[in-house]
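**Q** have a look at this prediction, sequence included:
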Amino acid sequence: MDKTLNTPMTDTSSRATSAHSVLLTQAAKITRITYIALLALALVAPALGLYPVFVMKLLCFALFACAFNLLLGFTGLLSFGHAAFFGSAAYVTGWFIKSQHWTPELALLAGAVAAGVIGLLVGLVAIRRQGIYFAMITLAIAQMVYFVCLQAPFTGGEDGLQGVPRGKLLGLFSLESDLALYYLVVTIFVACFLFISRIVNSPFGQVLKMIRENEPRAISLGYQVDRYKLLAFVLSAALAGLAGSMKTLVMGFATLSDVHWSMSGEVILMTLLGGVGTFFGPVLGSGIVISLQNLLADKVGSWVTVIIGAIFVLCVLAFRKGVVGELQAVRERHRNAKLAQK
């Protein structure tokens, strides 16, 4: 009798589960196709007339925002000092290429390692606190890094490092051509994007999400939360440093603006605008901000900051989850509506 009564409910539940799996598979396919299309667009962008240096700059800041999102969106730690890693790596890379005549790949690696080491030192202090105290500690240490960059003899002071050559990749392939450097930057960005995706979808990434959602619960399950947060902080710092290193290679200079607190605010803006906790959100957010800066800088001058701020306020009011976050929410509601119909 019990089996007879439970059979319709079991069938309904299995059909609902099957329908949900099909919808998730379709969504994954659409996402995969979208990423492939965007990659194809990036590969042919120079042929379409897009200025390679502009796209390279956009990709550098997109990587910076993705690195920051790894910390904020997937670990739940808000840092006000990520410019310290971005800017310090920019200086390290520029100095090694210009003064020590290192090849670009070694200089990029040195910048990322330097940022990771600074991230380790900052993280050992900062992760002892949570919330606004964590954010203020990162801001304070970032300001210390700023003054070091201002006073250190190898940074060029207020003038920064100018005229950094691009050099030859592996000592063989010249990167003086914008096109050659463009494809190197695209390759590094795609590799880092896939690396971040792999981190988030790994068991380590699942623990980070659990820490973000309910840290006391993670502690009660026996996870050493501080170690996970420290590793996430170091990874985020190293990737942010790699972004700063690439920016120096692309633009040919490293200045105090790279390590200024306003750069930390800019990456927060990019991440929130695109969507915290989403994979593509930081990329879209950086694209919006960099494009607006590029289009409006010559027309409105310093007012570009005010305009971007106003757009940010409007987006926060209209899209509280960010552009990509809201699109995902709409897709989720549509998926749930389909399941309800079935």
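**A** Alright, I've got the coordinates.
**Q** what packs against the host helix or strand of residue 310?
**A** If you go by DSSP states H and E, residue 310 is part of helix 303-318. The contact analysis (3 or more CB pairs under 8 Å, 6 or more residues apart in numbering; DSSP states H and E) places helix 303-318 against helix 261-274, helix 281-300. C-beta here means a position set from N, CA and C on the backbone, and glycine is covered the same way.
**Q** so for the longest one, what gets flagged as buried?
**A** Translated: helix 281-300. Using 16 or more other CB atoms under 10 Å as the test for burial, helix 281-300 gives 281-290, 293.
**Q** same deal with stretch 194-213?
**A** Quick answer for stretch 194-213 (16+ other CB under 10 Å): 196, 199-200, 205, 207-212.
**Q** inside helices: which ones of the residues you listed?
**A** Members of the buried residues of stretch 194-213 lying in helices (criterion: DSSP state H): 196, 199-200, 205, 207-212.
**Q** check those residues and tell me the two furthest apart.
**A** 196 and 210 (18.0 Å; CB to CB).
**Q** re the thing from before, closest one of the buried residues of helix 281-300 to residue 309?
**A** Checking the buried residues of helix 281-300 against residue 309 by CB to CB gives residue 289 as the nearest, at 10.8 Å.
**Q** spatially central residue in the chain, please.
**A** For the chain, the residue nearest the mean C-alpha position is residue 66 (1.3 Å; CA atoms, centre = their mean).
**Q** so who does that residue touch?
**A** Each residue near residue 66 by CB atoms under 8 Å, 6 or more residues apart in numbering is listed here: 192-193, 196, 239, 279, 282-283.
**Q** ok, back up a step: which of the ones in helices among the buried residues of stretch 194-213 sits closest to residue 80?
**A** residue 212 (17.9 Å).
**Q** skip the chain neighbours and tell me the closest residue to that closest one.
**A** In space, and not counting its chain neighbours, residue 212 is closest to residue 76: 3.3 Å by CB to CB, 6 or more residues apart in numbering.
**Q** from residue 240, how far out is the one you found?
**A** Distance of residue 76 to residue 240, given as CB to CB, to the nearest Å: 17 Å.
**Q** compare the two and say which is more crowded by neighbours.
**A** residue 240 (32 against 21; other CB atoms under 10 Å).
**Q** which SSE is that one in?
**A** Using DSSP H and E, residue 240 falls in helix 225-251.
**Q** now the helix or strand hosting residue 62: average pLDDT?
**A** Residue 62 is located in helix 52-75, with elements delineated by DSSP H and E. Taken as a whole, helix 52-75 has an average pLDDT of 92.
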